[in-house]
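Novice: Just need the structure, nothing else, for what follows:
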Amino acid sequence: MTRASPLSSLVGYYALTMRPAPQEGFGYGLEITCQRPLSAGQMMQGRPLSQCPVLVKTLFALCGQAHYQAARQACEEAAGIRPAPALRDQQHLLVTAEALGEHLRKLLLEWPMLLGLPAAAKPSMAVLAPLFQGLKGLPQQAEQKAFAPLHALLTQDVQALLVGETRETEEALLSDLDQFRAWAQRGASPMAVVFRTLLSTEGWAAFGACRLQPFSLQDQGDLESLLRALAEDSGEDLCRQPDIAGSPREVGAVARLRAHPLLGQIVESYGPGLLYRLTARFLESFLFRDKLIQGLRAWPAQRPAPKSEHGGAGGGSGEKTEGIGCAAIETARGLLIHRVEMQQAVVRRYQILAPTEWNMHPKGAVAEACQALECRGLSGLSVTQAMTWVIESLDPCVPYHLTIADS
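Specialist: Below is the predicted model:
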């Protein structure tokens, strides 16, 4: 199984090889190898700091806005630039718009296809295209009146696509598992069909159980420890196989929403598997929607200050030529970190720690989820199909090649 992209030659890929565990019927072992010839961070070395944010955005097809804002913030910190809080709020809103688009694309387009649902169960592109275009086009808009179409899409179409019923129903099913299951059984929205499919076949909801400790911006102590370790890492070992105190973590919506009552009920009934991860994205889509609606109302008061050469605020006359900058931003897939060291206005070192590196760690979420698959309990699925579901529930942003070995 291969999921490739046009940037495969640049970003490389992950080679995943599954083998049955020694105890027959118990599970699988997974070998994960990163095949990446050159990191994006290495490409920044020796370049003027001013070039980094735009170059980063051209290199990343997925989460490009998040990478751009992380690079921008890291470079601004290294140069001693302090943008106004209103500008930072606007930048965070752009990342939120991108994250909502990523969640909706995964939930509404990719999962119906992965589950083999009929075409009638999938939302029409006539409905989805304006929504995706509005979210992607957000940075080009400037006046509140220009946001009216997107505001309508957020309040009406997102509700119809995800729930298909009233706001009162939304509030009830998002907090109670019985209400959630009842809605999944009766609902006509695309997401109701997805969840009904997962719940109707025994075992599917529990695929890919993983009990790794979560990691997000909520964990400030761990984040500070990680940033210190990145500063001391002479190579790229930590960026390729990150851990905290020797322990890999799981990142993403499940980490950010770890305390949500519905997710807690799902873990008790089905474990932290496929249903758990898809529901976390589902829940977070509503949070992102509401944050965007609120942010768009305040947008006219958040117009950017003049930009410097590298996209920061300020005129650039007082910028430093030596410094270190770090930025940590939550993306749809999890916590993204950019760190830059500058000398004489030139990048001496640039580190990027992407969410996928956590989940693709040799002892990370994908490997643990693989071990949880029972050789004889795949509920009618092939091993390849079951493992593909598990991997896609963790949504890697790098291509992967999956091989199933006989022994």
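Novice: quick one: pLDDT of Gly46?
Specialist: Predicted confidence (pLDDT) for Gly46: 91.
Novice: what helices or strands is the longest helix seen in the chain leaning on?
Specialist: Of all the elements of type helix in the chain, the one with the most residues (DSSP state H) is helix 274-298. The contact analysis (3 or more C-beta pairs under 8 Å, 6 or more residues apart in numbering; DSSP states H and E) places helix 274-298 against helix 85-105, helix 148-152, helix 158-162, helix 190-200, helix 253-256, helix 261-270, helix 383-394. (Glycine included, C-beta is placed from N, CA and C.)
Novice: Of all the ones you listed, which one comes closest to Gln213?
Specialist: Comparison of these against Gln213 by C-beta to C-beta identifies helix 253-256 as nearest, at 8.9 Å.
Novice: Using PDB, write out every CA atom in the closest one.
Specialist: What follows is helix 253-256, C-alpha atoms only, in PDB (Å, rounded to 0.1, in the frame of the first residue of the first chain):
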ATOM      1  CA  ALA A 253      -7.100  16.400  18.300                       C
ATOM      2  CA  VAL A 254      -7.100  13.500  20.800                       C
ATOM      3  CA  ALA A 255      -4.300  15.200  22.800                       C
ATOM      4  CA  ARG A 256      -6.000  18.600  22.800                       C
END
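Novice: Can you name every helix or strand that that helix contacts?
Specialist: helix 274-298.
Novice: List the strands paired with the helix or strand following the helix it packs on, with their directions.
Specialist: Next helix or strand after helix 274-298 toward the C-terminus (DSSP states H and E): strand 323-330. Each strand paired with strand 323-330, and its direction, by DSSP bridges: strand 335-343 (antiparallel).
Novice: got the angle between the partner strand and helix 85-105?
Specialist: Angle, strand 335-343 to helix 85-105, by axes from the mean of the first three to the mean of the last three C-alpha atoms, to 10 degrees: 130 degrees.
Novice: So if we follow the domain assignment, how does the protein break up?
Specialist: When the chain is parsed with automatic domain parsing, its domains come out as 1-81+215-248+308-407, 83-212+252-301.
Novice: Confidence-wise, which of those is weakest overall?
Specialist: Across the domains of the chain, the lowest-scoring stretch is domain 1-81+215-248+308-407, with a mean of 83.
Novice: contacting residues around stretch 94-101?
Specialist: Residues outside stretch 94-101 that contact it (C-beta atoms under 8 Å, 6 or more residues apart in numbering) are 63-66, 69, 131-132, 135-136, 138-139, 285, 288-289, 291-292, 295, 329-332.
Novice: residues in contact with the most centrally placed residue in the chain?
Specialist: Ranked by distance to the mean C-alpha position of the chain (C-alpha atoms, centre = their mean), the top residue is Arg333 at 1.2 Å. Contacts for Arg333 (C-beta under 8 Å, 6+ apart) come out as 63, 102, 251-252, 354-356, 395-397.
Novice: secondary structure class for it?
Specialist: coil (DSSP: H, G, I helix; E, B strand; the rest coil).
Novice: Pull up the gap between it and Glu268, please.
Specialist: 26 Å (C-beta to C-beta, to the nearest Å).
Novice: what's the nearest residue to the residue nearest to the centre of the chain if we skip its chain neighbours?
Specialist: Leaving aside its sequence neighbours, Arg333 sits nearest to Pro355 (C-beta to C-beta, 6 or more residues apart in numbering; 4.0 Å).
Novice: next one: Met342
Specialist: That would be Ala78: by C-beta to C-beta, 6+ apart, it lies 4.6 Å from Met342.
Novice: what helix or strand is the one you found on?
Specialist: For Ala78, the host element (DSSP H and E) is helix 64-79.
Novice: list the buried ones in that helix?
Specialist: 65-79 (16 or more other C-beta atoms under 10 Å).
Novice: So what angle separates the directions of that helix and strand 335-343?
Specialist: 40 degrees.
Novice: Put the alpha carbons of helix 64-79 into CSV.
Specialist: Written as CSV, here are the backbone C-alpha positions of helix 64-79 (Å, rounded to 0.1, in the frame of the first residue of the first chain):
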residue,chain,number,x,y,z
GLY,A,64,1.3,25.3,4.5
GLN,A,65,-0.3,28.1,6.5
ALA,A,66,0.7,26.6,9.8
HIS,A,67,4.3,26.1,8.6
TYR,A,68,4.4,29.6,7.3
GLN,A,69,3.1,31.2,10.5
ALA,A,70,5.4,29.0,12.6
ALA,A,71,8.4,30.0,10.5
ARG,A,72,7.3,33.6,10.6
GLN,A,73,7.0,33.7,14.4
ALA,A,74,10.3,31.9,14.9
CYS,A,75,12.1,34.2,12.6
GLU,A,76,10.5,37.3,14.2
GLU,A,77,11.6,36.1,17.6
ALA,A,78,15.2,35.5,16.4
ALA,A,79,15.2,39.0,14.9
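Novice: For it, which helices and strands make contact with it?
Specialist: helix 52-59, helix 85-105, strand 323-330, strand 335-343.
Novice: tell me which residues in the longest helix of the chain are buried?
Specialist: Quick answer for helix 274-298 (16+ other C-beta under 10 Å): 274-289, 291-292, 295-296.
Novice: Run the chain-centre distance for that helix.
Specialist: 12 Å (C-alpha atoms, centre = their mean, to the nearest Å).
Novice: Ok, stretch 361-370 next?
Specialist: The answer for stretch 361-370 is 17 Å, by C-alpha atoms, centre = their mean.
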